[in-house]
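A.B. asks: Requesting a structural model of the entry that follows:
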Amino acid sequence: MKLISVNVGLPRVVMSNGDPVWTGIFKEPVAGRVMLRTLNLDGDRQADLSVHGGPTKAVYAYPSEHYDYWKHELPEMKLPWGMFGENFTTVGLLESELNIGDKFQVGSAVVRVTEPRMPCYKLGIKFGRPDIVKRFLASERTGFYLAVLREGEVGAGDSIAIEASQDTLKVIDITRLYAREKSNVGLLRRAIEVEALPESWKSYFQRRLAKLTGSSRD
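C.D. replies: Next comes the predicted model:
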């Protein structure tokens, strides 16, 4: 397990359908070591803090293994590291294997897995095709967000050492609950009990569970 690219970028204004859009999705690989802080990497910022960034979304990681899939799906596009807006491009960390709450050390920093990435229309702007948003979610190749437990320096080539969470809810389980297993009561109950899952997700799942079971106490 390894970090193969660190990508940062500051918000910029781009045009979409004739309108200006403020976005931080454009990231570029950086050389050398970068300081990872509680809310982001040095040289990196999020544009819309109502849905991006914050303590549970300080870093966005995306598995490099998924790039081959997207190269097959989108053969006409160039896909450099950072294309999906990720800060960390990784090897050996997949949504089907990572638990919500897993911790890992990378460089001198320690981070924790918090949630999958839900795509928004800005991914469509980045790719120049709005259909990528639905395709991205349907692929279940979402990547995942990280909270920073200990600040430190990181850089491409750093190895990653995982400390597995006692909770065994996978990142992909959250994506499936959101997209195609909306009535899975058992999985909803498990998700709500996972300590590291952000409160916004827990509240969302609690409301859905209440509708399914007819009880607000659930």
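
A.B. asks: Shouldn't residue 69 be within a strand?
C.D. replies: No - counting by DSSP: H, G, I helix; E, B strand; the rest coil, residue 69 is not found in a strand; it is helix.

A.B. asks: per-residue pLDDT, the nearest residue to it once chain neighbours are set aside?
C.D. replies: Distances taken as Cβ to Cβ, 6 or more residues apart in numbering put residue 141 closest to residue 69, at 6.3 Å, once the chain neighbours are dropped. Bear in mind the C-beta positions are built from the backbone N, C-alpha and C, glycine included. pLDDT for residue 141: 98.

A.B. asks: List the residues that contact residue 141.
C.D. replies: Counting by Cβ atoms under 8 Å, 6 or more residues apart in numbering, residue 141 touches 63, 66, 69, 70, 95.

A.B. asks: what's the spacing between it and residue 59?
C.D. replies: Separation of residue 141 from residue 59 (Cβ to Cβ, to the nearest Å) stands at 18 Å.

A.B. asks: low-confidence ranges in the chain?
C.D. replies: By pLDDT under 70, the low-scoring segments of the chain are 47, 49-51, 215-218.

A.B. asks: Quick check: longest helix in it by residues?
C.D. replies: The longest helix of the chain (DSSP state H) is helix 199-213.

A.B. asks: What lies in contact with that one?
C.D. replies: With contact meaning Cβ under 8 Å, 6+ apart, helix 199-213 is reached by 115, 174, 177, 182, 183, 185, 188, 189, 191, 192, 216, 218.

A.B. asks: Could you give me the PyMOL selection string for whichever of the residues you listed are buried?
C.D. replies: In PyMOL, this line selects whichever of the contacts of helix 199-213 come out buried by 16 or more other Cβ atoms under 10 Å:
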select buried, resi 115+174+177+188+191+192
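
A.B. asks: can you put the contacts of helix 199-213 in TSV and add distance to residue 107?
C.D. replies: Listed next are those as TSV, based on distance: Cβ to Cβ, whole Å:
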residue	distance to residue 107
115	22
174	27
177	32
182	38
183	42
185	41
188	36
189	37
191	30
192	33
216	45
218	42
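
A.B. asks: Next, count neighbours for residue 179.
C.D. replies: Counted with other Cβ atoms under 10 Å, residues neighbouring residue 179 total 15.

A.B. asks: Report the contact partners of the residue nearest to the spatial centre of the chain.
C.D. replies: The chain has residue 144 as the residue nearest its centroid, 2.8 Å off, counting by Cα atoms, centre = their mean. Neighbour list for residue 144: 60, 61, 93, 95, 98, 113, 114, 115, 116, 117, 171 [criterion: Cβ under 8 Å, 6+ apart].

A.B. asks: Who is the nearest residue to residue 174 once chain neighbours are set aside paired with across the strands?
C.D. replies: Once flanking residues are discounted, residue 174 sits nearest to residue 116: 5.2 Å by Cβ to Cβ, 6+ apart. Beta bridges link residue 116 to residue 144, judged by DSSP bridges.

A.B. asks: can you give me the helices in this protein?
C.D. replies: Counting by DSSP H, the helices of the chain are 66-73, 121-127, 132-139, 171-179, 185-192, 199-213.

A.B. asks: looking at those, which is closest to residue 103?
C.D. replies: Closest to residue 103 of the helices of the chain is helix 171-179 (Cβ to Cβ; 13.9 Å).
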